[in-house]
Structure formats: structure tokens, C-alpha cells
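> Next comes the sequence, and after it the predicted model I'd like to discuss.
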Amino acid sequence: MVASPVTIHRWVTVRYLGEWRKWARCAAKGRHGGCCALPDMWNLARKLLLHDRLRFAVAIAGVSVSVMLVLVQVGLYFGFMDTASSIIDASRADIWVGKKSNDSFEFATPFDERAFYKVRSVPGVAQAERVLMSFAQFKLADGGDLGVQIVGIETAPDRRPLLEPWNVVAGDARRLAEPGAIALDRSEYPKLKIDRVGHTTEISGVRTEVVAMTSGIRSFTTSPILFADLRTARSYLPQLGGEPVTYVLVRVEDGASIDEVKARINALPQLAAYTRAEMSERTRTYWSERTGVGASFFTTAVLGIIVGFVVVGQILYSGTLQYLREYGTLKAMGARNSAVVRVILSQATISAGLGFAVGAPLAMGMRAAMKGANLTVALSPQLYAATAAITLAMCSFAALLSIVKVLRLDPASVFKA
Amino acid sequence: MPAALAISETSSQLGAIAPAAAAAPADVLARLVGVGKIYGAGEHAVAALSNATLDIRAGEVTLIEGPSGSGKTTLISILGLLLTPTAGEVWIEGRDVAGLGERELPALRARNFGFVFQGFNLFPALTALENVEMAIAMKGGRAAEARAEARRLLERVGLGPRMHHLPSDLSGGQKQRVAIARALGGNPPILVGDEPTAALDTRTALSVMELLRELASSSRRAVVVVTHDPRLERFADRIIRVEDGVIASIAEAAPNLAPRSHS
């Protein structure tokens, strides 16, 4: 009458989720829902868990740390990726056009301005603007130099550019049209040793004045992002020669198909066109894969899940062992395996719920603390929901060992000393 | 052997009733016919029980005695449908259930058996009421009904005022009464006790046995108790002696001498 390994395997692989669904239905209907013969399983599971408060606290601590690690690591990853593609995402362009040979958004190869005119003449293009992106040396107040990432945009008094600095918190971004005017993010002020809008310095020997201050525009590289008019940007980058362009931003005519316009641009020699979403994804993928940052963050997140899995599994298993004779007694008196399994699943769910309830605020605290270090932890509702689901799955699967133990428990064993 | 008891049957004599197993008298709640159990196989095979034939009758207290390793536990495990015999028949509810699998047995056990153990086996985190309630609910009772029945059963065993106490706050005798109340959940006709008084002092042990005796008499239940304690013999209607894996004797109390209650 002992469950055989085959029976256990079948139960685990086929019935486990079914039992969980049944349990969830019963839990949803409540204690007197009528579909479930069991008493208040939450209450029963809670009492069994709380009987050894120290052990329960360890379980909750394990799940909480796991939840926090997953949220912070994945949030950091998404934060980095948001940073990597922030310029693209903030643009109003339907299509981004660059050299076919470009691997990276930041390290793009410039091309001759004639290509811009070809793009602008493609049918369906309503507006096209040049962007120049490259690196230059920013003269610090103490005489030193620091590399900055120049983003040259087309400013015009009569229309809004397709790309412009956003979240301007001080100064006037419209002044970027003036020669030598730049906009900087306030998070970079300490690094650049400036303290106000109006600060003047030199970039590549050209006089420069900070005319606007932004908030939250950070580079994925360590070089601060600096917005300037295209002509100003070119003056900082004489080494590029001629009239260089790195990207052409395109807004398609109303009613025109973005994909069709993109295809027409792609037909031009040496140019590659991407929708804004494609360009954003391409940039994220580049940084994620080329730098290994994705694997690094997700490895830590997976380690967090493993830690939680092991802690909860061990706690539930030791709890099951502690009550093995009692479970055996219930089985001897006719309790079905599923009834006992539901008690264990309830314990797993309580551990998951409380662990998440503690771990999520911890992650929020970590996000606030990391903000001071200019690190963005992107915690979205979707990430919370996914982490909650992962936590529930982690705790449920951690309960498998206990479930197998109960399934294999021979009710006749209660007669043995 | 107490004077009030006389050997009336032996295992081999009872073997003769096998053909009539299906037509058992109404007061026979369970019947074992030629039951045997062999553990292991080949050279390592050990015969724990051989050719055991036995009726369990309503209203009777049956004691099973014998030295350690004689086969008592195997006998009540088979009787309680916790162990599958390798030979013979186990008749419950008018049919031979010896070959049934674990898919059907829990429901049969739930309907027919309650178990009481030496170590009580109560969940320490649950109150007396919750321990009984949970067992009833896990047998298939509805939650609200389970609670009401648990209250009634605890009142029945004299633990009404203590039903909200944890096992750690109860004496050994009170814990065993909770275990008896739990065993009575679902109103099974047969109570099986495995040394239910072994962990109790004499006074408490006799009091628990009185309760079992009273449950057998008043509600026509069968009570089967494995014990080493000769003090319990005065509560028995029958004493079955198991030795070396066989039922060596079945002694019945004389009707006028077997105590039906001890107040």
C-alpha cells in the first residue's frame, strides 16, 4: 500500500498542478464555499507553520531575500536597458536610419550628409533630421579633461525637433540653437565639476556654455550625455571632417506605412532603417549580449531563486518530517493524499505570500538607496507580478520533496514504534 | 488466562467458516479468513502471519495479546486495511477487500475504522477541537459540520471544557481522549487501538479503557486493542493470543462475568 515510484512520478507530473488548481478554487471560494471538504486550510497551514516561529521566520527571511534579489537584479537590468535606449525611446521619430555597418548605437559610424538628402527625398517621408553622435573631451574646471558623449540635434525656431533634451529642469533648451550652447543632466554635474546653468568651459577648444539642465538622462557608457545643436556638435568634432551625420531621424507622412517607408530607405546603399521600437530593442540587445550584463544580472536573480527554493524546501520538508506521524494517522483514518498535500501547498503559498510581502518593500528600499548612486532599478507592475508568480512557483516546487514524502508515507507506519 | 475467559476457538477451527464468509451474521463488522502475510521473497521471505481467521463483532471489545514480534501489529494492520495480505480474505461491508488498491482503500478506512495510538499523534499546533475537526474534514466531512461533530465528540469523551486547549496543555489521559474523539470522527463502526494505554498511568489507563468499553457497549462499536497490559483483560469480551505469527487462542469472556462497564 506504499505509493510506488511510478505512482509518485505520475502524481507529480500529472496531478500536482491539478491538485494545485483544485486547492486554489477551494481557497478562492473560502471556508464555507461548499466545494471543499477541508476546514480553513489557510488557518491550519498557518498554525502548523507558526508553531515553530523561529523556523517560520527563517523561511520568510529566505523567501524575502530571494524576492528582493530577483526584483533588484532584474530591475537593475531593466534600468540599465532603459538607460541604454533612453535617447531612442525619447525621440519622436518613426524611423532611425544609420550605417549598415553599425553595431552599437553609441559607437555608430558617421556618414556623409548627402545620404541625409537621399533619405529626405524618399516618398512617404514627412520630416527628416540629422543627428550627430560621437565623443569629445570636456574641459574640467580643474584643468583636466573628461570624455563626453555629444548628441548633435537639429534645432529650429519654428518647429519641434524629432530629438531634443527632455525633463529640462533648469535653463532654456531653446537656447541650444545658439553657438556653443549645451544641455547637461544634473546627475553629471559633480563628475563635470560644474554647479549651475551658465557655467562656461571648452570642448575640443571651442567655448561652451551650459544653457539647460535635465534630469534623468544618463548614458549607458560612463561618458555624460551632452545635447547641442548640430553645428555646435560638428565644431566639437573637427576630426570627423566634412559635414558628418550619424543618424537620420524620419517621421513618415500621415497615412503612410512606416514599414513601406522603411523598406524604401533600406533600398538605399549602405543605409539601414529601423523603426523606433526596433532600434531600441537592437540597442538593448547589443548591450545585454555584448557586455554580458544580461547574463550577469539574471544569474544573480536565478541564484536568488535557488536560495529561496532551498530555504523554503528545507523548512517545509523538516516541518513535514516533524508531523509525519500525524499525517500518517490521518492517512490511516482515510484522509486522501490530496487532502494532506493541500495542507503542504497551503504552507508553501503562505510562505510565498509573506515572503513577497516582505521582499517587495525591501526591493523598494533598495531602489531608493540605489537612486543616490545614480543607479536605476526599474520596478514595474509587470515585474512585481512576474516575481510574485515566480515566488509562488518556487515555493510550490520547493514543497515537492515534502509532497513526495507524504505520498510515500505508508499509513501502516503509524503502528511501528 | 483470567477465570472469566475460556478458550472457545482456534485459528484452525475458524478456518472452517471460510465458505460462509459472505453470509456473515449482521453483528460481524469485519472478518479475516485464512489471512497470511509474508514479507520479502525467496530466501529472505519472513512469514509474519499465517492462516489467521477472525470475526470482529459489533459491541465487543477484543484484546490482541502476544509477545513482541509475534504478529499482532501485522494482524491489526491487515484488519485496518493498512496492509495488504499475501494470502486470505478480508471481508468488510460484505465483500472481500483484500485485493483493493490505495485508490479505494482510504474511503473504506474512513467509513469503517478509527485508530488510537500509544503516542496520541495529535498535531501539537492545533487545539483539541481543531485536531478532531481536521480529521473529520479530511475524511470528507464539510467544514461547518466537521466542527459541530468535533465539539459533540469531545463532549462525548468528557473533554468539552478543554476543547480549546493545545495538546501540550492536556494530560496524557486527556490527549488519549482527544485521540479517541478523533478516531470516532465520521462514526466508524470499528475502533483499532495500538497500545492506547501504554503511555498512561494505571488510573488513567483504566479510565481510557472504560471509555472504550462504554463506546463498544453503548453504540455497538467493535473495539480492537493490541496490548501488553494484563490489567485490561477485565474489559475484554475476547482475548486473542498471537504467537509466532499464528492465532494461538481466542478466549471468550463468560457473558455473566465480562465487565460491561466500570464506574
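Perfect, I can see it now.
> need the helices for the stretch 301-417 of chain A, in chain order.
In the stretch 301-417 of chain A, the helices defined using DSSP state H, counting those that start in this stretch lie at A:324-332, A:337-371, A:381-398, A:400-408.
> Sorry, slip of the keys, the one I care about is the stretch 51-200 of chain B.
Going by DSSP H, counting those that start in this stretch, the stretch 51-200 of chain B shows helices at B:72-79, B:105-112, B:128-138, B:143-156, B:172-184.
> Between those helices, which one is closest to chain A.
Among those, the nearest to chain A by C-beta to the nearest C-beta is helix B:105-112 (2.4 Å). C-beta coordinates here come from the backbone N, C-alpha and C atoms, glycine included.
> Now do the closest one and helix A:324-332, the angle between them.
80 degrees (axes from the mean of the first three to the mean of the last three C-alpha atoms, to 10 degrees).
> Does anything pack onto helix B:105-112? Which helices or strands?
Packing contacts for helix B:105-112, counted by 3 or more C-beta pairs under 8 Å, 6 or more residues apart in numbering or on different chains; DSSP states H and E, involve no helix or strand.
> Show me what it is in contact with.
With contacts defined as C-beta atoms under 8 Å, 6 or more residues apart in numbering or on different chains, helix B:105-112 is touched by A:1, A:331-336, A:411, B:29-30, B:80-82, B:92-93, B:97, B:100, B:139-140, B:186, B:188-190.
> again with stretch A:274-290
Contacts of stretch A:274-290 (C-beta under 8 Å, 6+ apart): A:77, A:80-81, A:84-85, A:88-89, A:91, A:93-98, A:103-105, A:220, A:258-259, A:262, A:293-294.
> So which of those are in helices?
Residues of the contacts of stretch A:274-290 located in helices (DSSP state H): A:Tyr77, A:Phe80, A:Met81, A:Ala84, A:Ile88, A:Asp89, A:Ile258, A:Asp259, A:Lys262, A:Val293, A:Gly294.
> beta partners of the spatially most central residue of chain B?
Nearest to the geometric centre of chain B sits B:Val192, at 1.4 Å (C-alpha atoms, centre = their mean). Applying DSSP bridges to B:Val192 gives these bridge partners: B:Phe115, B:Val224.
> Just the pLDDT for it.
At B:Val192, the model reports a pLDDT of 93.
> re earlier: most tightly packed of the helices of the stretch 301-417 of chain A?
Comparing the helices of the stretch 301-417 of chain A by mean neighbour count (mean count of other C-beta atoms under 10 Å in any protein chain shown), helix A:324-332 ranks first with a mean of 25.
> now that one: mean pLDDT?
85.
> repeat for stretch B:154-171
For stretch B:154-171, the per-residue pLDDT averages 91.
> That one: which residues count as buried?
By neighbour count on 16 or more other C-beta atoms under 10 Å in any protein chain shown, the buried set for stretch B:154-171 is B:Leu154, B:Arg156, B:Val157, B:Leu159, B:Arg162, B:Met163, B:Leu166, B:Pro167, B:Leu170.
> you'd agree the last one is up against B:Arg162?
Yes - judged on C-beta atoms under 8 Å, B:Leu170 makes contact with B:Arg162 at a distance of 6.3 Å.
> Can you read off the pLDDT for residue 7?
The chain I'm using is chain A. For A:Thr7, pLDDT reads 52.
> please go with chain B instead
43.
> can you list the residues of the stretch 151-263 of chain B near chain A?
Residues of the stretch 151-263 of chain B found near chain A (C-beta under 8 Å from any C-beta of the partner chain) are B:Arg182, B:Ala183, B:Gly185, B:Gly186, B:Asp194.
> farthest-separated two in those?
Greatest spacing in these, by C-beta to C-beta: B:Gly186 and B:Asp194 (19.1 Å).
> Could you pull out the strands in chain B for me?
For chain B, applying DSSP state E gives strands covering B:5-9, B:28-39, B:46-57, B:61-65, B:87-92, B:95-96, B:113-117, B:190-194, B:222-226, B:238-243, B:246-253.
> Ok, chain A next?
Going by DSSP E, chain A shows strands at A:95-99, A:111-112, A:125-139, A:145-153, A:168-171, A:181-185, A:200-203, A:206-214, A:225-229, A:244-245, A:247-252, A:271-275.
> Could you dump the ones you listed into TSV with mean neighbour count and mean pLDDT added?
TSV is the format used below for the strands of chain A (neighbours: other C-beta atoms under 10 Å in any protein chain shown; pLDDT from 0 to 100):
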stretch	mean neighbour count	mean pLDDT
strand A:95-99	25	93
strand A:111-112	18	88
strand A:125-139	21	92
strand A:145-153	21	92
strand A:168-171	16	92
strand A:181-185	25	93
strand A:200-203	16	90
strand A:206-214	20	92
strand A:225-229	26	93
strand A:244-245	24	92
strand A:247-252	24	94
strand A:271-275	19	94
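> B:Gly119 is nearest to which of those strands?
Here strand A:181-185 is closest among those (C-beta to C-beta), at 70.2 Å.
> By proximity to chain B, which residue of the stretch 1-150 of chain A wins?
A:His51 (3.5 Å).
> what do you get for chain A?
A:Gly334 (2.4 Å).
> which residues does that residue contact?
Contacts of A:Gly334 (C-beta under 8 Å, 6+ apart): B:Pro106, B:Ala107, B:Leu108, B:Arg109, B:Ala110, B:Arg111, B:Phe113, B:Met138, B:Lys139, B:Gly140, B:Gly186.
> can you do 6 Å?
Neighbouring residues of A:Gly334 by C-beta atoms under 6 Å, 6 or more residues apart in numbering or on different chains: B:Pro106, B:Arg109, B:Ala110, B:Lys139.
> Could you check the pLDDT of the second one?
What it means is B:Arg109. pLDDT at B:Arg109 comes out at 90.
> before we move on, what about the last one?
If you check B:Lys139, the pLDDT there is 78.
> who touches it in this structure?
B:Lys139 touches A:Gly334, B:Ala110, B:Gly186, counting by C-beta under 6 Å, 6+ apart.
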